[in-house]
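Participant: Below is the sequence, then the predicted model.
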Amino acid sequence: MTLDEILEAYVRDVAQALPRAQRDDVALELRTLLDEELAARAQAVGRTPDRALLMALLTDHGRPADVAQRYYPRPALIEAADTRHFLIWALAGLVVLGVRTLTGAPAIDDSQTFVLWLGLLLLGFALLGWWRRRHPGTLSWKPRHDAYYMPRWLALFCAVATAMFPLAMYAAPQEFVRTLFLGAIPDSGLMLTDAFQHSWQRALTLACLVVPVMTYLVVAAQGGWRRWSRRVSIVSYLLLGLLLIAHSQPMSAWPASGTFEVFALPHANQVASPVFGAVGGMVLLFTLYEIWLEWQRPRTALAKQVA
Amino acid sequence: MVEREHSGLTELRRGVVILAVLSQLRKPQYGYSLKQALAEGDMPIEEGTLYPLLRRLEAQGLLASEWNTGHAPPRRYYRLNAEGKRALATLSAAWREQVQVMNGFLDGDAGR
């Protein structure tokens, strides 16, 4: 390429990245200025303009896209300040897909779904940025409580609610339904198999449901979470999520051999299986979110004081 | 000069580039002549930064420009308009205040 062609190519690449109304004007000005710059540099080193001099000039001037951005600054599709949240939400999508697979939910094309999720995220963050630029001051930061905050009344409510449902429901499903509906609806479908009733899985699941009730009571007494109570709660919910997912398949009789079902009636197991999987998946996702909150919580003086 | 100091100086200059450019456009200048004027005044600015800045200041309504086609090659000349003159006066006053403030800080540091 001749020097003229190289210059033309550079100016064209800059101009093409500009709004149509500015292109010709900027291109003409930029071209004349670069010509003048090149002549001055050549004169300074005492030789005629050559390719090396021109390339050095254009390199100093910058990449055409960067130069165009200086002429006409365009906002980023995802603002730099939102990059972290974008990545977190993208990762959350991957985790949801992973948990979904774990729960035995109907098969979907995971890679296609993830790409769709990324597209939706991009659109969402772009709209968010556009809204903030158009309406400065809206969507502003608002103070919110730390994850360790829980009022006493809410902790008590959670303790009572968890004790009734799912703890009581899980411990004695037939009695629970009979009491709740005053015997108005049949409960025979909720009859448990003997193997399940005496299994370690049921005992462990009951323990995982009792622990949160106890920790909520402690939280009510102490007026908020402490590091140890929060971590005990997280571990019990993590186990609970995994156990509920295990309930969606015939359960292992380990250490003995063979498997057993949860409910005595085959139809009840068919109905309950996706429900166990979905609830277990949601508990697992909720717990992973809580683990993430715990992990990224700054160890400030206030946080240490509470812990 | 170590890289860190060079980067600090660049940051320091970035804040006053607009004021320097406005001060030199009290008389009409085209891009290259303005770059030369700034360089001669010990305020070198990369052309990739300066030329787009002129357009942005014009878009902000601080500069007026026109093509001089009587010269070969044609050149686009920029100069302050009324709004630009007002902006220059305001920024100049603010700059002088800042210099006083900074001198106060720096003299205070030196006295410690």
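Facilitator: Received, thanks.

Participant: residues in chain B within reach of chain A, list them.
Facilitator: Counting by C-beta under 8 Å from any C-beta of the partner chain, the residues of chain B close to chain A are B:30-32, B:46-49, B:51-53, B:55-56, B:73-76. The C-beta positions use only the backbone N, C-alpha and C, and glycine is treated the same way.

Participant: which of these has the most neighbours?
Facilitator: Highest neighbour count within these, by other C-beta atoms under 10 Å in any protein chain shown: B:Tyr51, with 26 neighbours.

Participant: does it sit in a helix or strand, and which one?
Facilitator: Per DSSP states H and E, B:Tyr51 falls inside helix B:47-59.

Participant: CA atoms only: put that helix into PDB for me.
Facilitator: What follows is helix B:47-59 as a C-alpha-only set of coordinates in PDB (Å, rounded to 0.1, in the frame of the first residue of the first chain):
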ATOM      1  CA  GLU B  47      -2.800  14.700  18.700                       C
ATOM      2  CA  GLY B  48      -5.100  11.700  19.300                       C
ATOM      3  CA  THR B  49      -6.400  13.400  22.300                       C
ATOM      4  CA  LEU B  50      -6.300  17.000  21.200                       C
ATOM      5  CA  TYR B  51      -8.200  16.900  17.900                       C
ATOM      6  CA  PRO B  52     -11.300  15.000  19.300                       C
ATOM      7  CA  LEU B  53     -11.200  17.400  22.300                       C
ATOM      8  CA  LEU B  54     -11.700  20.300  20.000                       C
ATOM      9  CA  ARG B  55     -14.800  18.700  18.500                       C
ATOM     10  CA  ARG B  56     -16.200  17.900  21.900                       C
ATOM     11  CA  LEU B  57     -15.700  21.500  23.100                       C
ATOM     12  CA  GLU B  58     -17.400  22.700  20.000                       C
ATOM     13  CA  ALA B  59     -20.300  20.300  20.600                       C
END
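
Participant: and that helix, what's its mean pLDDT?
Facilitator: The average pLDDT within helix B:47-59 is 91.

Participant: What are the contacting residues of it?
Facilitator: Helix B:47-59 has contacts (C-beta atoms under 8 Å, 6 or more residues apart in numbering or on different chains) with A:22, A:26, A:29-30, A:33, A:37, A:60-62, A:66-67, A:70-71, A:73, B:17-18, B:21-22, B:31-32, B:34-35, B:38, B:63-65, B:78, B:84.

Participant: Next step: the residues you listed restricted to helices.
Facilitator: Residues of those located in helices (DSSP state H): A:22, A:26, A:29-30, A:33, A:37, A:60-61, A:66-67, A:70-71, B:17-18, B:21-22, B:31-32, B:34-35, B:38, B:84.

Participant: Now, of those, which are buried?
Facilitator: Among the ones in helices among the contacts of helix B:47-59, those scoring as buried are A:26, A:29-30, A:33, A:37, A:61, A:67, A:70-71, B:18, B:21-22, B:31-32, B:34-35, B:38, B:84 (criterion: 16 or more other C-beta atoms under 10 Å in any protein chain shown).

Participant: Around chain B, which positions in the stretch 51-200 of chain A sit nearby?
Facilitator: A:Asp60, A:His61, A:Gly62, A:Asp66, A:Val67, A:Arg70, A:Tyr71, A:Pro73.

Participant: isn't the first one right up against A:Val67?
Facilitator: Which is A:Asp60. No. With contact defined as C-beta atoms under 8 Å, A:Asp60 and A:Val67 do not form a contacting pair (11.0 Å).

Participant: How much space separates A:Ala9 from A:Ala81?
Facilitator: Plainly put, A:Ala9 is 36 Å away from A:Ala81 if you go by C-beta to C-beta, to the nearest Å.

Participant: Give the residue from the two that has the larger number of neighbours.
Facilitator: More neighbours surround A:Ala9 than the other of A:Ala9 and A:Ala81, with 13 against 10 (other C-beta under 10 Å).

Participant: Buried residues, stretch B:20-30. List them.
Facilitator: By neighbour count on 16+ other C-beta under 10 Å, the buried set for stretch B:20-30 is B:Ala20, B:Val21, B:Leu22, B:Ser23, B:Gln24, B:Leu25, B:Pro28, B:Gln29, B:Tyr30.

Participant: The stretch 201-307 of chain A against chain B: which residues are in contact?
Facilitator: Taking C-beta under 8 Å from any C-beta, no part of the stretch 201-307 of chain A reaches chain B.

Participant: what number of residues lie near whichever residue of the stretch 201-307 of chain A sits closest to chain B?
Facilitator: Closest to chain B within the stretch 201-307 of chain A is A:Pro298: 27.9 Å, counting by C-beta to the nearest C-beta. For A:Pro298, the neighbour count with other C-beta under 10 Å is 9.

Participant: mind showing which ranges of the chain have poor pLDDT?
Facilitator: Assuming you mean chain A. Scanning chain A for pLDDT under 70 picks out A:300-307.

Participant: wrong one, chain B
Facilitator: B:1-2, B:109-112.

Participant: Name the residue of it with the shortest distance to chain A.
Facilitator: Using C-beta to the nearest C-beta, the single residue of chain B nearest to chain A is B:Pro52, 3.6 Å away.

Participant: what about that residue, distance to A:Val67?
Facilitator: Going from B:Pro52 to A:Val67 by C-beta to C-beta gives 7 Å.
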